[in-house]
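> The sequence and its predicted three-dimensional model are supplied below.
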Amino acid sequence: MGNNAMRSNFELLAPGGDIESIKAAIVAGADAIYCGLDNFNARNRATNITFEDLNGIVRVAHQRDCKIFLTLNIMILESEIPAVIRLLNKLVNTKIDGVILQDLGLFHLIKQHFPTLDVHASTQVNSHNEGQILFMGQLNASRVNLSRELNIKEIKHLAQFGHQHNVLMEVFVHGSYCIGFSGLCYISSAKNGNSGNRGRCSQPCRDQYQTTAVGKDYPLNMKDNSAFSNLEVLADAGVYSLKVEGRIKKSHYVYTVVDNWSRQLDNYCNQKPLLADTRELYTVFNRDFSNSYLMGDINKAMFIDNPRDNSVDHFAQIADAKSETEIQAVKRKLYDDKTTIIKTVEERIADLDISLLALELTIIGQVGQPLIIQVTTPLQQFEVTSTSLLRQSDNTVLDSDCFEKRFRSLNNGEYLLSPIDLSQLAADVVVPFKELTQMRDQIACVLNGNQPLVEAFELPKAIRKPIVEMTPRLSVLIANPADIEAVSQPDTAVYYQLPEAMAMEGLKLVSLFQDNPHLIPWFPAILIGENYQATVTFLEQVKPSRIVTNNSGVGYVAHQLGLAWVAGPQMNISNSLSLECLQQEFGCVGAFISNEIKRSQIKPIAAPAGFELYYSIYHPMMLLMSRQCLFHQTVGCKKKRFDDKCLRKCDKSASIINLTEASFVVDKQRGDHNALYSPENFLNLDIVTEIQNKFTGFMIDLRDIKTETEVNADKAMVVSLFDTYIHGDINARQILEQTIVGTICQQYKKGL
């Protein structure tokens, strides 16, 4: 069923991993589709589309009132900046409806130099508080995709807040759930170099593990998300865009899900009863469904001990099929139903033609008359005329070479220029060549929907700054008041990790920082609802001289309060444009460079004048953080659901081992969400000697996270050894390597 006028308050946003899926989404009733080109997008495993396909896709979609958003939602490396600018120079002259971004440098670049492009904040930005909405709004994001983990009350609050600040909210309503918060999941990156922040996630959370204590083989595998029965509460919350996940799913999946959701939306908008029949949604790929995050009920029923398609199991259960014959009958019926869907999709998309449009130019003119160029495409016909009159010439004349050379740029990703017809042009005539250029630009403007083409932007050549020799300063991260005295050494900065459950500890923490004014608060990446509000109150009361934050919303507030702030390592900074963005837009004084990138990717990054650069050389490697409880599926937990009390009070750890013998540590600190860690800590001593005169400081993380790395010295001694090493005593390296045993440094070697 197609779109209707009543749906203007909503957008049904569909995935398009390949051309067939995009066409399927269009005919199924999508209001918009998000798709990626074959580079710079966060679904490398999707087939994706070429730039040549893009204009045809946009044309076909627009003919059916469907928008096309392009995903450029990955971290950008310094070496890729010229290529991404070349791409933007092309995109800005297409009719795409917007781009979806993760990288702060890309937001900054588009705001400064490509302001006609509408930008949306990707799920990879992980937005879940008011400050982040304001942060993204300042970067001209017209829309923010909210964290999948939020409940309807939290979503409603942010949607209403967004409406007050001209930022729309987008929510995933159907498709895969991730076990970890998006943008903060490094498990695939650390395990095999396939970073989720580069669209290469190999989904190790779906892997089989050695059977856990509670008998689970797939302890990190969650059911799929479906809010199909919750449209009324989403509408009441003020959510604008309802997003379906699935850019690596097939066209029959996309068609079925979008068609069902489209009919559901039409029923809602026309005040008809909502659909309750979910048979078709269960017919295509699913891992069973849950809406528990949306309902604020984080329970163990959200997991399923099978990452593969659940369709057969679902229908076998409904049919009470137990014998092999009965199950085969269920499989046959499913196969037939899927075949019918596939045939339906093929028939319905058959007449959607995305091929290039023929562009014909007929050149007409006699001496003493203006030059006329007649333009014909399958969609329109028009002509442009020269200002000057044609005159006879013995020298340079208007011939086929001259026209082909000047008009070949019309042969772009949307049009295919036919041989130019000169049969109605007199011989040996000429007009000023600059008028030919003007006529070409006039034609391009009309073909571009009467929009003049945007001039190409070129990044100015970077001015090489003289290298200033500097001695980096050591900083140390702790999370226990008992460690303050041991690590507080001369010329060492002390960061103190604040909990994600800020609301419970607010007053206690205010007095801790007032009693220890040298402590620098270190804010976590996840601060939701009252915990974000408590963070704002903390900043207003303590007014620390500087902070480090992994949450952009806290950075925004710090800037408003006039506090110096540094962007933490989980803000995924990997290029100079991001540093420029942080400094110019938000008064940021420094940033940690991402630990995901390698030496050759770090070296070319240049900080703006007066901007500080940091890097963590030793830390427990957090692989993912989850709003779920990771103990339900591993060692078990008596509580049926994860709630605020669990967040505040629970602290325990466990480990899981997958079938390739890789083990992971499950850790829960009091006041923090569940996290998964690598068994070995990250240690990178090479960077200190290999990349000199770039970093203002190096950090070591001495929080008490129980990994398998052995540290054979007390914290005061460890701080002293690192301090000696970064100040140039090479001998300290050997002692450090003997003191800290069982570490890894693969990310620095592999990079992105």
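Done, it's in.

> give me the low-pLDDT residue ranges for the stretch 451-600 of the chain?
The model of the stretch 451-600 of the chain has pLDDT under 70 over residues 464, 466-467.

> thought Ser400 was touching Leu425?
No. With contacts counted by C-beta atoms under 8 Å, Ser400 stays clear of Leu425, the gap being 9.9 Å. C-betas here are computed from N, CA, C, even on glycine.

> what's the closest non-adjacent residue to Ile526?
Spatial nearest neighbour of Ile526, chain neighbours left out: Glu500 (5.2 Å); criterion: C-beta to C-beta, 6 or more residues apart in numbering.

> The one you found is in what secondary structure piece?
In the assignment (DSSP states H and E), Glu500 maps to no helix and no strand.

> now Lys706: how far from Leu184?
Lys706 sits 20 Å away from Leu184, going by C-beta to C-beta, to the nearest Å.

> quick one: which of the two has more around it?
Higher neighbour count among Lys706 and Leu184: Leu184, with 24 against 13, using other C-beta atoms under 10 Å.

> give the contact list for that one.
Residues near Leu184 by C-beta atoms under 8 Å, 6 or more residues apart in numbering: 126, 525-526, 570, 622, 624-625.

> how about the strands in the stretch 1-150 of the chain?
11-16, 32-36, 67-72, 98-101, 119-121, 141-145 (DSSP state E, counting those that start in this stretch).

> Between strand 32-36 and the third one, find me the angle.
In terms of direction (axes from the mean of the first three to the mean of the last three C-alpha atoms, to 10 degrees), strand 67-72 departs from strand 32-36 by 30 degrees.

> Name the residues that touch strand 67-72?
Against strand 67-72 from outside (C-beta under 8 Å, 6+ apart): 11, 13, 22, 31-37, 40-43, 54, 57-58, 61-62, 84, 87, 91, 96-101, 103, 106, 120, 122, 247.

> now do stretch 543-553
Stretch 543-553 is contacted from outside by 125, 129-136, 495, 513, 517, 519-527, 532, 539, 554-555, 558, 561, 563-571, 589, 592, using C-beta under 8 Å, 6+ apart.

> Start and end of that stretch, how far apart?
In stretch 543-553, first residue to last residue: 16 Å (C-alpha to C-alpha, to the nearest Å).

> how about that stretch: buried residues?
By 16 or more other C-beta atoms under 10 Å, the buried positions in stretch 543-553 come out as 544, 546-553.

> same question, stretch 668-678
By neighbour count with 16+ other C-beta under 10 Å, stretch 668-678 contains the buried residues 668-669, 671-678.

> tell me the centre residue of the protein?
The residue lying closest to the centre of the chain (C-alpha atoms, centre = their mean) is Gln124, at 3.0 Å.

> wait, what's in contact with that one?
Counting by C-beta under 8 Å, 6+ apart, Gln124 has contacts 42, 73-74, 102, 182-183, 196-197.

> go again using 7 Å as the cut-off
42, 73, 102, 182-183, 197 (C-beta atoms under 7 Å, 6 or more residues apart in numbering).

> filter these to the buried ones?
Applying 16+ other C-beta under 10 Å to those flags 42, 73, 102, 182-183, 197 as buried.

> so Tyr618 sits in a strand?
Yes. Assignment of Tyr618 by DSSP: H, G, I helix; E, B strand; the rest coil places it within a strand.

> Ramachandran coordinates for the residue lying closest to it once chain neighbours are set aside?
In this structure, Tyr618 finds its nearest non-sequential neighbour in Ile700, 4.2 Å apart by C-beta to C-beta, 6+ apart. The phi and psi values for Ile700, taken as degrees, to the nearest 10, are phi -120, psi 140.

> Okay, now the unreliable bits of the protein?
In the chain, residues with pLDDT under 70: 1-6, 41-46, 464, 466-467.

> Where is the longest helix in it?
helix 324-349 (DSSP state H).

> quick one: buried residues of it?
By neighbour count with 16+ other C-beta under 10 Å, helix 324-349 contains the buried residues 327, 330, 334, 337-338, 341, 344-345, 348-349.

> If you count contacts, what does it end up packed against?
With contacts taken as 3 or more C-beta pairs under 7 Å, 6 or more residues apart in numbering; DSSP states H and E, helix 324-349 sits against helix 19-28, helix 251-269, helix 279-283, helix 311-318.

> by how many degrees do it and helix 311-318 diverge?
Using the same axes, to 10 degrees: helix 324-349 against helix 311-318 is 120 degrees.

> Return the subset of the buried residues of stretch 543-553 lying in helices.
Among the buried residues of stretch 543-553, the ones falling in helices (DSSP H) are 552-553.

> for the buried residues of stretch 543-553, which one is nearest Val214?
Comparing the buried residues of stretch 543-553 against Val214 with C-beta to C-beta picks out Asn550 as the nearest, at 31.8 Å.

> The helices and strands packed on helix 324-349: which one's closest to Gln738?
The nearest among the helices and strands packed on helix 324-349, by C-beta to C-beta, is helix 311-318 at 53.5 Å.

> That closest one: which residues count as buried?
In helix 311-318, counting by 16+ other C-beta under 10 Å, buried: 311-316.

> Can you tell me how far Phe107 is from Val487?
For Phe107 relative to Val487 (C-beta to C-beta), the value is 36 Å.

> Quick check: bridge partners of Gln698?
Small correction: residue 698 is Phe, not Gln. Note on Phe698: beta-bridge partners Leu474, Tyr615, judged by DSSP bridges.

> wait, isn't it in contact with Pro472?
Yes. Phe698 is within contact range of Pro472, at 5.3 Å (criterion: C-beta atoms under 7 Å).

> overlap in contacts of the two?
Joint contacts of Phe698 and Pro472 (C-beta under 7 Å, 6+ apart) are Ile726.

> how about the helices in the stretch 51-200 of the chain?
Counting by DSSP state H, counting those that start in this stretch, the stretch 51-200 of the chain has helices at residues 51-63, 81-91, 104-113, 130-138, 152-164, 187-192.

> Return the distance of the residue nearest to Thr344 when sequence neighbours are not counted relative to Asp224.
Nearest-residue entry for Thr344: Tyr255, 7.4 Å, with adjacent residues in sequence omitted and distances by C-beta to C-beta, 6+ apart. To Asp224, Tyr255 is 17 Å away according to C-beta to C-beta.
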